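Novice: Provide a 3D model corresponding to the input given below.
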Amino acid sequence: MVKLIRWLLGYVVFSFSGGFNEGFLDDCFNKKYNIRNIKTNDGALYAECLAGLYPYLRKIARNNGGRLKIIKKHGIIFILSKIKNRWGIFVGIVLGIMFINFVSGFVWNIDVTGNERLSEETLRSFLSENGFSEGTYWRSIDRPTLESLLLASFDDIAWAQINRDGTSARLEINETVKRPKTVKRSKYTNLKAKKRGVIVKATVYDGWAMINKGDAVNKGDLLISGIYTEEKGKTQFTHARGEYIAQVKEKFSLTVSRNQSRKVYLSETERKALLFFGLRIPLYIGKADKNAEVETRYNYISLNGKNLPIGLENSTVRIYKKEERTLSDKELTALSQNEIKRKLKNDYGKYEIIKKKIDTELTDSAAVSKGYVLCLEDIGKEVKIKVNKKKK
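Specialist: Residues are numbered from 1 along each chain as shown. Modelled structure (predicted):
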C-alpha cells in the first residue's frame, strides 16, 4: 500500500555530493524530512524522497556545501507531465476506459455445463431464439424467465441456472434421471407380414408361430399369433415378437431426362464483413447476384480458448448462369447408371441385395430403367390385438 501511495504521489532517487554528508542528514532529520534508502558510494550520498519534498532539500544541500542531482524519477505525475500538452492521448485514455466499460456490459461467451443427453448446440439454439446469445446486453436479459422457459421446454432438465462471470455467461443444468423403458405386457399383439415374400429365416421370441422357414407369404398374413386357445377353451394372450427374414422382390423404375441443365461459373469474388456484438458491418459495396453461390466462413477473436463476439465474416461469392444442353446417348447412359446406383443405395442400402435385374431403354427424351431387386429384409410388423372384456 505504501508503494502504491508513493507511486501515485511520485518520488525521486537523488544524490548529494561535494559537501558534508553527516550535516545534510542531521538537518533533514531535524526538520523531519522523510528520506529513504540512504546509501553512500565514493563519498557521495544516495537516497529517495517524495517529489514534493525534493525542492526543500536544495537549501539544506547548499548550507552543507554540496549539491543535489536527480538520478531517477518514479510515479504517475512524471508520466502525465510528459504528455500534459498532448490532449489526444488524454482523450484516447478516457475513450478507452469508456469503451472497456461499455463492452463489459455485453455477453462475450456462453458456457454450458451439466448436459449429457441434451447437446450444447440444442441449448445454445434455444437461448438464441429467446434473445440470449453472444453480443446480448446483460441488462436486457431476464434470467429468471429464461430459466423457467428452459424447465418448461425440456423434459430432460430438472434444474437450470444462468450465472454471470465477468463478461461470460454460464448455463448450469441438472438433467432428470431417466427410468428404463419396460415393455407393457398388457399390450397384446400379432406379428403380421408387411410385404410379400418367401421366408428364409424365422425366429420366434414370444407367441405362437404360424409360418415357418420356406413358406411364401402375402402382405397381411399372420406370422406369429399372440392368441392361443387351449383344448379346454381357455384363451391366452401375449405380445408376439420375432424376426422373419424374407426374400422380397421389389419393382424398380427410374427415368432420367435427356435435357439437363448445369451451372457455368462466371466469376468469383471475396467479401468481408465485421462482426461486432451481434452487428454485421459490411466491408464491401453491392449485393450478391440472385444466381450466386455463397460460401461463408467465420473467424472470431479467441481469448483463453473461447470465441469472443468480435470477428470477421469471409464470404466467397461465385456468380453462375444455367446452361441447358441435350445429352448424347453415351452421356445419358453414364448419367443413368450413376442415378441407378444412387437410388439403389438410398432405397435398399439397409437391406442385403442378393440379385437385381435392371434394363435401360434410351428414347428421344429420356433414359427409362425398369426391372426388379431381390433383397433380404425383416417383413414382420406388430399389430395390436383388441381384446373385448366381457361385462360381468
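Novice: going forward, measure contacts and count neighbours with C-alpha atoms only.
Specialist: OK.
Novice: what ranges do the strands span in the stretch 251-392 of the chain?
Specialist: Taking DSSP state E, counting those that start in this stretch as the criterion, the stretch 251-392 of the chain carries its strands at 259-276, 279-282, 292-303, 306-326, 352-362, 366-378, 380-384.
Novice: Just the CA atoms of the shortest one, as PDB, please.
Specialist: It stands for strand 279-282. C-alpha atoms of strand 279-282 as PDB (Å, rounded to 0.1, in the frame of the first residue of the first chain):
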ATOM      1  CA  LEU A 279     -23.900  -6.400 -35.500                       C
ATOM      2  CA  ARG A 280     -22.800  -7.200 -39.100                       C
ATOM      3  CA  ILE A 281     -21.000  -4.300 -40.800                       C
ATOM      4  CA  PRO A 282     -20.300  -5.000 -44.500                       C
END
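Novice: what distance separates that strand from the middle of the whole chain?
Specialist: 21 Å (Cα atoms, centre = their mean, to the nearest Å).
Novice: quick one on the thing from earlier: what would the strands of the stretch 251-392 of the chain look like in CSV with mean pLDDT?
Specialist: Below are those laid out as CSV (pLDDT from 0 to 100):
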stretch, mean pLDDT
strand 259-276, 88
strand 279-282, 84
strand 292-303, 84
strand 306-326, 85
strand 352-362, 93
strand 366-378, 94
strand 380-384, 92
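Novice: Looking at these, which is nearest to Leu151?
Specialist: strand 306-326 (26.8 Å; Cα to Cα).
Novice: Name every strand pairing with that closest one and say which way it goes.
Specialist: Paired with strand 306-326 in the same sheet, following DSSP bridges, are strand 259-276 (antiparallel), strand 292-303 (antiparallel).
Novice: For the shortest one, list every residue counted as buried.
Specialist: The neighbour-count criterion (16 or more other Cα atoms under 10 Å) identifies Ala292, Glu293, Val294, Tyr300 as the buried residues of strand 292-303.
Novice: returning to what we had before: mind checking which of the strands paired with strand 306-326 is nearest Asn34?
Specialist: Ranking the strands paired with strand 306-326 by proximity to Asn34 (Cα to Cα) places strand 292-303 first, at 46.1 Å.
Novice: With only the CA atoms kept, save the closest one in CSV.
Specialist: Taking C-alpha atoms only, strand 292-303 is exported to CSV below (Å, rounded to 0.1, in the frame of the first residue of the first chain):
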residue,chain,number,x,y,z
ALA,A,292,-24.8,-16.9,-56.9
GLU,A,293,-23.4,-19.5,-54.6
VAL,A,294,-22.1,-18.1,-51.3
GLU,A,295,-19.7,-20.0,-49.1
THR,A,296,-19.2,-18.2,-45.7
ARG,A,297,-16.5,-18.7,-43.1
TYR,A,298,-16.4,-17.0,-39.6
ASN,A,299,-13.2,-16.1,-37.8
TYR,A,300,-13.7,-14.9,-34.2
ILE,A,301,-11.2,-13.4,-31.8
SER,A,302,-10.3,-16.0,-29.3
LEU,A,303,-9.4,-15.4,-25.6
